[in-house]
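Colleague: give me the fold of what follows.
(3 chains)
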Amino acid sequence: MAPSVGIAITLDDSRPYMGGLLDWYDQNARPLPWRIQKVTPWESLLAEIILQQTRMETGLPYWERIRAAYPTPATLAADTEENLLRLWQGCGYYARARNLYKLAKTLDGEDLPESYDSLLKMPGIGPYTAAAIASISFGQPVACVDGNVRRVISRLRAEHLSDPDLQSEANDLLDHNRPGDWNQAMMEIGSLVCTPRNPSCDTCPLESNCLASKSSNPEEWPLRRSTKQAQIDAVVIVVSDSNGILLEARKGRTLGGLWGLPYAEGEVESSELLASRKVKLIGKVRHDFTHKRLDIAVYISEVTENDETRSPESVPMATLDRKVLRFFRAHENKQS
DNA sequence: GACGCGTGGTA
DNA sequence: TTACCAAGCGT
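Modeller: Model (predicted):
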């Protein structure tokens, strides 16, 4: 039947048929805060960065706190990196916070840029985040490729695609009328239906044109990255008095910008640290990072004249250090 | 392109 | 317990 006179119907035949995904999204999108209320591009950026490699349930409270503390990039630029890290502590991947702070300083009072290319140049914003902000906040036709989209497209095609090929496929699929919603829909279907394990192919709106769903094992795609976790022996020293704990400012990539207990790993450095004062072993704590397993020998030592102790509540610390301190406190309580 | 970077949940 | 994984980025 011909369309009614005066109504223009646009069908983009160059785009592969992905019927029903936006309908599915309109029906099934989770009521996330930024879908219920209007948020600024800055608040949206905070969410994108916090949610990088971080679960929704973990990230949401951080987002609420950080957007409340820093409603604009200028408010963050006017504060210190350490105060941002205080709000970020426990969330992991602290380079995200350090880069976010750099970004706020770089903006120097200006608004976020709106184009993918300009966003991509900012500290801490890579291809995914640039596409997410450009499309969701500014309505630009750029496709997001995150872990979900990678999985969805790999399974649709039943292929192990390179990053450039994935981006290109995602661009071809993009709905140009609702690019932001389309990107969120692709991620949402990956998160809720096309899950890493036990995907719900029987309820998936894309099932009819998904090659993986017709195979014996849809989980075969995408290729997994091999994760070898090294085992590392480390040592920490707890020096405690009525004022608090002896803490040092961590430098470098690992936990940089946070405070922590005197720490060393590896044979040479560990023995150097232990030789620097009179110590007593009180036990061991295990802590896992993605790429290494730390077996941490916990030592205690008496306060000396030069030690400046402080309250561990007053400074940003990683979960690793808080875990060791909990162990120390439990040990103290057992003694008394 | 591969690797380093946190943390917590799940099978 | 182990292995895998989650809205990636920088080097």
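Colleague: who in the stretch 101-250 of chain A is up against DNA strand B?
Modeller: A:162-163, A:197, A:226 (C-beta under 7 Å from any atom of the strand). C-beta here means a position set from N, CA and C on the backbone, and glycine is covered the same way.
Colleague: list just the nearest of these to residue A:45.
Modeller: Lowest distance from residue A:45 to these (C-beta to C-beta) belongs to residue A:163, with 22.3 Å.
Colleague: next, count neighbours for the closest residue to DNA strand B within chain A.
Modeller: In chain A, the residue that lies nearest DNA strand B is residue A:92 (2.5 Å; C-beta to the nearest atom of the strand). Neighbours of residue A:92 under the rule other C-beta atoms under 10 Å: 18.
Colleague: could you do the one 10 residues further on as well?
Modeller: By the other C-beta under 10 Å criterion, the neighbourhood of residue A:102 contains 15 residues.
Colleague: check which helix or strand it maps to.
Modeller: helix A:95-107 (DSSP states H and E).
Colleague: just residue A:128 next, same as before
Modeller: Assigned by DSSP H and E, residue A:128 belongs to helix A:127-132.
Colleague: so, in contact with DNA strand C or not, that helix?
Modeller: Yes: counting by C-beta under 7 Å from any atom of the strand, contacts between helix A:127-132 and DNA strand C involve A:127-130, A:132.
Colleague: name the helices or strands packed onto that helix?
Modeller: Judged by 3 or more C-beta pairs under 8 Å, 6 or more residues apart in numbering; DSSP states H and E, helix A:127-132 is in contact with helix A:41-50, helix A:116-120.
Colleague: with just CA atoms, put the last one into CSV.
Modeller: When you say that, I think you mean helix A:116-120. C-alpha atoms of helix A:116-120 as CSV (Å, rounded to 0.1, in the frame of the first residue of the first chain):
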residue,chain,number,x,y,z
TYR,A,116,33.5,12.9,18.1
ASP,A,117,36.9,14.1,16.9
SER,A,118,37.2,16.9,19.5
LEU,A,119,36.0,14.6,22.4
LEU,A,120,38.5,12.0,21.4
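Colleague: give me the residues contacting that helix.
Modeller: With contacts defined as C-beta atoms under 8 Å, 6 or more residues apart in numbering, helix A:116-120 is touched by A:112-113, A:125-127, A:129-131, A:133-134, A:140, A:142.
Colleague: apply 10 Å and report the result again.
Modeller: A:41, A:45, A:112-113, A:125-127, A:129-135, A:137-138, A:140-142 (C-beta atoms under 10 Å, 6 or more residues apart in numbering).
Colleague: so what's the residue of the stretch 101-250 of chain A found nearest DNA strand C closest to, chain neighbours aside?
Modeller: For the stretch 101-250 of chain A and DNA strand C, the shortest gap (C-beta to the nearest atom of the strand) falls at residue A:126, measuring 2.4 Å. Once flanking residues are discounted, residue A:126 sits nearest to residue A:120: 7.2 Å by C-beta to C-beta, 6 or more residues apart in numbering.
Colleague: from the contacts of helix A:116-120, which would you call buried?
Modeller: A:41, A:45, A:112-113, A:125, A:127, A:129-135, A:137-138, A:140-142 (16 or more other C-beta atoms under 10 Å).
Colleague: report the secondary structure state of the residue positioned nearest the centre of chain A.
Modeller: Centroid-nearest residue in chain A: residue A:52, 2.6 Å away (criterion: C-alpha atoms, centre = their mean). Secondary structure, DSSP: H, G, I helix; E, B strand; the rest coil: residue A:52 is coil.
Colleague: surely it meets residue A:97?
Modeller: No: using C-beta atoms under 10 Å, residue A:52 is not in contact with residue A:97, being 11.3 Å away.
Colleague: which residues do the two both contact?
Modeller: By C-beta under 10 Å, 6+ apart, the residues touching both residue A:52 and residue A:97 are residue A:124.
Colleague: surely residue A:28 is in contact with residue A:184?
Modeller: No: using C-beta under 10 Å, residue A:28 is not in contact with residue A:184, being 11.3 Å away.
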